[in-house]
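Undergrad: Can you look at this prediction? I've put the sequence above it.
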Amino acid sequence: MSFSQGRPFLAIPGPSPLPDPVIRAMARPSPDIYGPELAGLNARTARQLKRLAGTGAHLAAYIGNGHAAWEAANANMLNRGERVLVLVSGHFAQSWADNAEARGIVVERIESGPAAPDPGQLAERLRQDPAHLIRAVLVCHIDTASSVRADIPALRAAMGDHPALLAVDAIASLGCDRLLMDEWGIDVLVSASQKGMMAPPGMGFVWFSDRARARGRTDLTTPYWEWTARADARESWQYWGGTPPVQLVHALETALAMLLDDETLPAAWARHEGLAQATWAAIDAWGAGNPGIAHVVADPAARARAVTALTLPGAAGLRAWVQQKAGLTLGIGLGASDPENAMRIAHMGHVSAHQHLGTLATIQAGMQALDIAHGSGGVEAAASVIARLS
Ligand SMILES: *Cc1c(COP(=O)(O)O)cnc(C)c1O
């Protein structure tokens with residue numbers, strides 16, 4: 001017997017669930033791309049994207065996903081043979097580093113495992129670089145694979161007056177977790193449309209400071225990827241390096257209005273905090289007396305608010321059960337040493353308390369059905385967290 005008839009629910013850490021108004025915003029014909037309609041749309045969306053990131057910095061938009069935005073940032077920040085320091089807190093930081101290395105950038109890594117990058121270690125390494133050979137520090141605000149959250153202000157402070165640029169991947173955190181680009185001293189910020197922005201996949205963004213811009217044109221960039229041409233666009237098509245993805249931009253405009261104007265960012269951050277706390281309470285209860293069920297990130301302060309990674313014996317079977325029997329899709333144990341027994345629960349974007357309690361209750365039902373040993377009271381603990389939210 002299956003109970004999956006009804007609206008399917010995607011609790012994977014990207015793409016996140018699309019709000020109905022966002023889906024509807026895409027159902028329209030393509031306009032004249034040289035006309036005033038698109039000029040206004042691009043300008044409004046760029047303004048909203050800067051609000052979202054808390055910045056007055058430059059913005060370059062790309063028809064691409066997060067991987068495209070990574071490559072754009074790397075190519076525009078660095079010349080071939082220059083050195084970057086990557087703070088590796090999981091699979092995604094590793095992949096960003098791999099992209100840099102493949103472009104001929106010299107990559108140095110500081111691994112922190114499934115824990116937040118250590119500001120002390122960063123400060124120490126930069127102290128050993130009096131010649132300022134390290135040109136940029138790359139870090140994921142949230143590494144979506146491990147669900148580690150980095151303390152960006154602490155890392156910025158640790159950089160002192162070393163002139164390296166601070167480049168932050170906020171693909172999984174923008175809109176979910178507090179992030180203030182200018183206040184935190186971030187030089188280059190990278191994100192994509194399909195996670196906390198609640199929009200379809202296909203749009204990548206790079207915000208860059210005057211300091212990053214002052215580096216000038218690098219030998220790694222090319223006319224299509226070069227960021228100032230997009231940031232300084234005069235014609236509406238120039239924002240996107242050619243024909244804009246019009247229907248996607250309409251979707252994004254609708255999603256950002258919901259997030260920034262209807263809900264407001266502080267409320268969205270608080271909602272994600274509540275959903276994260278509810279998830280952690282359930283995992284703590286399930287793991288009591290069952291050490292196989294455990295958080296990947298031990299320290300709550302270093303946990304993402306948009307996704308939670310955990311180990312769970314039989315996770316692969318559980319994921320299949322909740323999908324086939326109950327219409328719920330959970331995230332795979334990406335980057336885990338034992339992916340069969342690891343998974344990720346997303347609480348990212350357009351997700352209410354009611355939906356998330358459904359996710360946690362369905363996981364509990366699956367564990368019961370599959371005889372996966374777990375402590376009792378997980379759903380009750382999560383419900384109590386939600387009950388305490390004001
Ligand atoms: C999803 C994600 C990416 C990759 O984005 P794509 O759009 O899949 O290319 C990179 N970094 C982080 C932190 C992510 O969450």
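TA: That came through, no problem.
Undergrad: For the closest residue to the ligand within the chain, give its distance to residue 36.
TA: Residue of the chain nearest the ligand, by Cβ to the nearest ligand atom: residue 66 (2.3 Å). C-beta here means a position set from N, CA and C on the backbone, and glycine is covered the same way. Between residue 66 and residue 36 the computed distance is 31 Å (Cβ to Cβ, to the nearest Å).
Undergrad: Residue 368 too?
TA: 59 Å.
Undergrad: mind listing the strands in the stretch 251-390 of the chain by residue range?
TA: 294-295, 307-311, 328-332, 342-346 (DSSP state E, counting those that start in this stretch).
Undergrad: Of these, which is nearest residue 59?
TA: Comparing these against residue 59 with Cβ to Cβ, the closest turns out to be strand 307-311 (25.3 Å).
Undergrad: right, is that closest one up against the ligand?
TA: No: using Cβ under 6 Å from any ligand atom, strand 307-311 never reaches the ligand; the gap is at least 8.0 Å.
Undergrad: pull the CA atoms of that strand into PDB?
TA: Extracted C-alpha coordinates of strand 307-311, given in PDB (Å, rounded to 0.1, in the frame of the first residue of the first chain):
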ATOM      1  CA  VAL A 307      19.800  21.700   5.600                       C
ATOM      2  CA  THR A 308      20.800  19.100   8.200                       C
ATOM      3  CA  ALA A 309      23.100  16.200   7.300                       C
ATOM      4  CA  LEU A 310      23.000  13.100   9.500                       C
ATOM      5  CA  THR A 311      24.100   9.500   9.600                       C
END
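Undergrad: elements contacting that strand?
TA: Counting contacts by 3 or more Cβ pairs under 8 Å, 6 or more residues apart in numbering; DSSP states H and E, strand 307-311 is packed against helix 265-287, strand 294-295, strand 342-346.
Undergrad: Need the winner for burial among the ones you listed.
TA: Ranked by mean neighbour count under mean count of other Cβ atoms under 10 Å, the helices and strands packed on strand 307-311 are led by strand 342-346, which reaches a mean of 26.
Undergrad: now the angle from it to strand 328-332?
TA: Computed by axes from the mean of the first three to the mean of the last three Cα atoms, to 10 degrees, the angle separating strand 342-346 from strand 328-332 equals 120 degrees.
Undergrad: strands paired with strand 342-346, and their directions?
TA: strand 307-311 (antiparallel), strand 328-332 (antiparallel) (DSSP bridges).
Undergrad: Give me whichever of the ones you listed is most buried.
TA: Using mean count of other Cβ under 10 Å, strand 307-311 ranks as the most buried of the strands paired with strand 342-346, with a mean of 26.
Undergrad: between residue 66 and residue 36, who's got more neighbours?
TA: Legend: neighbour count by other Cβ atoms under 10 Å for residue 66 and residue 36, higher for residue 66 (25 against 10).
Undergrad: Spit out the contact partners of the more buried one.
TA: 169, 171, 190-192, 204 (Cβ atoms under 8 Å, 6 or more residues apart in numbering).
Undergrad: circling back to that earlier point, looking at the helices and strands packed on strand 307-311, spot the one closest to residue 83.
TA: Of all the helices and strands packed on strand 307-311, it is strand 342-346 that lies closest to residue 83, at 32.3 Å by Cβ to Cβ.
Undergrad: Identify the residues contacting the closest one?
TA: Strand 342-346 has contacts (Cβ under 8 Å, 6+ apart) with 10-14, 16, 144-145, 147, 279, 296, 306-312, 315-316, 318-319, 330-334, 336, 359-360, 363.
Undergrad: Equivalent analysis for stretch 45-59, please.
TA: Applying Cβ under 8 Å, 6+ apart, the contact partners of stretch 45-59 are 61, 170, 174-175, 179-183, 186, 189, 191, 197, 205-210, 213, 227-228, 230-232, 239, 249, 252-253, 256-257, 259-260, 265.
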